[in-house]
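Trainee: Provide a 3D model corresponding to the input given below.
(one chain, ligands or ions: 1)
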Amino acid sequence: MNKDKKILYSGMQATATLQLGNYLGALKNWVNLCDEYECFFGIMDLHSLTVRQNPTEFRQNARKLYALYVAAGLDPEKNCIYYQSHVSGHAELGWILDCFTYMGELNRMTQFKDKSAKHADNINAGLYTYPVLMAADILLYQADVVPVGADQKQHLEITRDIASRFNNIYGDVFTIPEPYIGKTGARIMSLQDPEKKMSKSDENINGTILLLDDRDTVIRKFKKAVTDSDACVRYGEDKPGISNLMNIYSTISKKSIEEIEREFDGKGYGEFKLAVGECVADELDPLQKRYNELMADKTYINNCIKENDDKARYFATKTLRKVQKKVGLTELIR
Ligand code: TYM
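Mentor: Residues are numbered from 1 along each chain as shown. The predicted model follows:
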């Protein structure tokens, strides 16, 4: 642990394969930031339980997520990549923080409203207190910065509110974390309905680019992307489809929106869509190759999980013990 470095914390739910929004809104930023910070990245399997899972697929998905983190460029020997459920402190701190969170605050969470509408037959208490467990994840590691996509901003705000409330009562226990939301890529929209966020659970598979989609599939999905009839590559609120494609292209190629407008001046949508598709496929190609190698080598990932679980547990326990003491829980007698 490098004490001079600030702490970065983030994670993703362990459900199904990742989509391009997860990558551009979060994972790619993690890779860019990881040398600058001491990093913890969780496989958020407890959060995934808020939706009914098939146990076998769920376990496989968690493993695939681990391999995807590494394949994208996170070195598990330098970054602590671990399973949330392997560190019991998350659930323990989650309970304590539940007692410092108001129902009025949770009622305002838009993700809870969206998810309850989507899973009307299973509006469970875990879905409701989901943001508190997320606050516990972040606060356990005393994170300074949390890189996420724009949809997680509200969860970061409630985390800061809970931490400040706790600190006001008990002194400086928690670091107040700052969200890190990239300028481009923070809100990638569906290719089929650019008013809707790209999501792995979208029923229309053509709207979502999965990180493990092969080259032809990626290019085909981009060719089919919904645009408008104006045939001019220009960024604007009145052109959500084209603006979304420009955002994707800009985030990967690092070209500014103005540069992209100039590059495709006088060219049709067909040419532009193909360029975006090829650029995404080129970006995903090395990630997919590395992913396949990692999935074939069970021992390497198993060793990484074991070591990093221990490291995560060590840090989490330090904060948890401090919190337990502050609130007056009786210490263990050894
Ligand atoms: P999850 O698993 O839904 O998404 C993982 C990350 O991907 C980002 N993201 C997107 N970014 C841009 N465009 C999109 N279309 C898009 N879709 C998803 C999300 O913003 C997120 O950063 N609650 C979290 C998981 C979590 C967590 C944490 C994150 C649990 N504990 C502690 C940070 C810190 C979630 O559901 O992410």
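Trainee: For the helix ranked longest in the chain, list every residue counted as buried.
Mentor: Selection of the longest helix in the chain by residue count, based on DSSP state H, yields helix 298-327. Under the neighbour-count criterion of 16 or more other Cβ atoms under 10 Å, helix 298-327 has 301, 304-305, 308-309, 312-313, 315-316, 319-320, 323-324 buried. (C-beta placed from N, C-alpha, C; glycine too.)
Trainee: what does stretch 31-46 give?
Mentor: In stretch 31-46, counting by 16+ other Cβ under 10 Å, buried: V31, C34, Y37, E38, C39, F40, F41, G42, I43, M44, D45, L46.
Trainee: With stretch 221-236 instead?
Mentor: Quick answer for stretch 221-236 (16+ other Cβ under 10 Å): K221, F222, A225, V226, T227, C232, V233, Y235.
Trainee: Right, and the ligand sits closest to which residue of the stretch 51-200 of the chain?
Mentor: G149 (2.4 Å; Cβ to the nearest ligand atom).
Trainee: Show the model's pLDDT score for the nearest residue to L140 once chain neighbours are set aside.
Mentor: What sits nearest to L140 in space, not counting adjacent residues and going by Cβ to Cβ, 6 or more residues apart in numbering, is A316, at 4.5 Å. Predicted confidence (pLDDT) for A316: 98.
Trainee: For the protein, which helix or strand comes out least confident on mean pLDDT?
Mentor: helix 110-118 (a mean of 91; mean pLDDT, DSSP states H and E).
Trainee: List the buried residues of it.
Mentor: By neighbour count with 16+ other Cβ under 10 Å, helix 110-118 contains the buried residues F112, K115.
Trainee: what's that helix packed up against?
Mentor: When contacts are defined as 3 or more Cβ pairs under 8 Å, 6 or more residues apart in numbering; DSSP states H and E, helix 110-118 packs onto helix 125-140, helix 153-170.
Trainee: winner for burial among the ones you listed?
Mentor: helix 125-140 (a mean of 22; mean count of other Cβ atoms under 10 Å).
Trainee: Would you mind measuring from the nearest residue to F174 once chain neighbours are set aside to R52?
Mentor: Closest residue in space to F174, ignoring its immediate chain neighbours: A163 at 4.1 Å, by Cβ to Cβ, 6+ apart. Going from A163 to R52 by Cβ to Cβ, to the nearest Å gives 31 Å.
Trainee: What residues does the stretch 51-200 of the chain have near the ligand?
Mentor: The stretch 51-200 of the chain comes close to the ligand at residues 134, 137-138, 146, 148-149, 151-152, 155, 186-188, 197-198, as judged by Cβ under 6 Å from any ligand atom.
Trainee: now those as JSON lines including distance to K78?
Mentor: Below are those laid out as JSON lines (distance: Cβ to Cβ, whole Å):
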{"residue": "M134", "distance to K78": "24"}
{"residue": "D137", "distance to K78": "20"}
{"residue": "I138", "distance to K78": "20"}
{"residue": "V146", "distance to K78": "19"}
{"residue": "V148", "distance to K78": "21"}
{"residue": "G149", "distance to K78": "24"}
{"residue": "D151", "distance to K78": "28"}
{"residue": "Q152", "distance to K78": "24"}
{"residue": "H155", "distance to K78": "27"}
{"residue": "A186", "distance to K78": "25"}
{"residue": "R187", "distance to K78": "29"}
{"residue": "I188", "distance to K78": "27"}
{"residue": "K197", "distance to K78": "31"}
{"residue": "M198", "distance to K78": "30"}
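Trainee: hmm, stretch 209-221 in reach of the ligand?
Mentor: No: using Cβ under 6 Å from any ligand atom, we find that stretch 209-221 stays clear of the ligand, coming within 10.3 Å at best.
Trainee: Return the set of buried residues in that stretch.
Mentor: Buried residues in stretch 209-221, defined by neighbour count with 16+ other Cβ under 10 Å: I209, L210, L211, L212, D213, T217, V218, I219, K221.
Trainee: Please report the distance of the first one from V280.
Mentor: With the distance defined as Cβ to Cβ, I209 ends up 6 Å from V280.
Trainee: Can you check which residues contact both of these two?
Mentor: L20, V218, F222 (Cβ atoms under 8 Å, 6 or more residues apart in numbering).
Trainee: Quick check: closest non-adjacent residue to the first one.
Mentor: Ranked by Cβ to Cβ, 6+ apart and with sequence neighbours excluded, the top spatial neighbour of L20 is I209, at 4.0 Å.
Trainee: surely the one you found meets R220?
Mentor: No: using Cβ atoms under 8 Å, I209 is not in contact with R220, being 10.5 Å away.
Trainee: And the buried ones among the residues of the stretch 51-200 of the chain next to the ligand, selectable in PyMOL?
Mentor: To isolate the buried members of those in PyMOL, using 16+ other Cβ under 10 Å:
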select buried, resi 134+137+138+146+148+149+151+152+155+186+187+188+197+198
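Trainee: Show me which of the residues of the stretch 51-200 of the chain next to the ligand is closest to L245.
Mentor: Among these, I188 lies closest to L245 (Cβ to Cβ), at 10.0 Å.
Trainee: pretty sure that closest one contacts A26?
Mentor: No: between I188 and A26 there is no contact under Cβ under 8 Å: 10.5 Å.
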